[in-house]
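*Asks:* Need the 3D shape of this:
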Amino acid sequence: MKFFSNILALAIVAASFFLTGCDKTKPYDLTTPPSLVHFIGGKTQIYSVLNDPAPAYTILVGTTDKANVDRLVTYNVTYSSGAVPGTDFTISGGTNNQLVIPAGQTRASISVNAVYAQYPFGASDTLVFTLGNPSVDPAKFLDTVRLVISGPSN
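*Replies:* The predicted model follows:
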């Protein structure tokens, strides 16, 4: 019985410590993380071109926070497989490889439209999108995405 009394007393002391340990009027230092931009989704994304005309593929770009001003995001695209912009595909979303994430928003998108005739059975191309930083720094995670465009398989 004495054991249970000691446990009960200890529980009361611990509960009073937890209930009075926080002072809601005391200002606490808050750390605001930096605003960063990143791709949303996997590091490698697959765009299957199965119909004519091929539907657009959307690559999402997001930020780690909301802002009260428009933010400009730059992206670069490399075509490591010999793909030709305007012939094999088109990219839309922004101007001159720059997107605007509107004030109060956290996302913008890049659309890729493949030309069906350029992707016969087994053909594929890889586009590599990389983020730059005119007004928002790229995050260390998902700052690059590979988009594999492929036609129907045999």
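
*Asks:* Which residue ranges of the chain form helices?
*Replies:* 2-20 (DSSP state H).

*Asks:* low pLDDT regions in it?
*Replies:* Residues of the chain meeting the criterion pLDDT under 70: 1-4, 6, 8-9, 11, 13-24, 154.

*Asks:* Mind jotting down where the strands sit in it?
*Replies:* 36-40, 44-48, 57-63, 71-79, 89-92, 98-101, 107-114, 124-131, 137-138, 144-150 (DSSP state E).

*Asks:* Quick check: residue 136 touching residue 73?
*Replies:* Yes: in this structure, residue 136 is within contact of residue 73 by CB atoms under 8 Å, at 5.8 Å. Heads up, the C-betas are built off the backbone N, CA and C, glycines and all.

*Asks:* Between these two, which contacts overlap?
*Replies:* Common contacts of residue 136 and residue 73 (CB atoms under 8 Å, 6 or more residues apart in numbering): 37, 101.

*Asks:* quick one on the thing from earlier: let me know which of the strands of the chain is tucked in deepest.
*Replies:* strand 36-40 (a mean of 21; mean count of other CB atoms under 10 Å).
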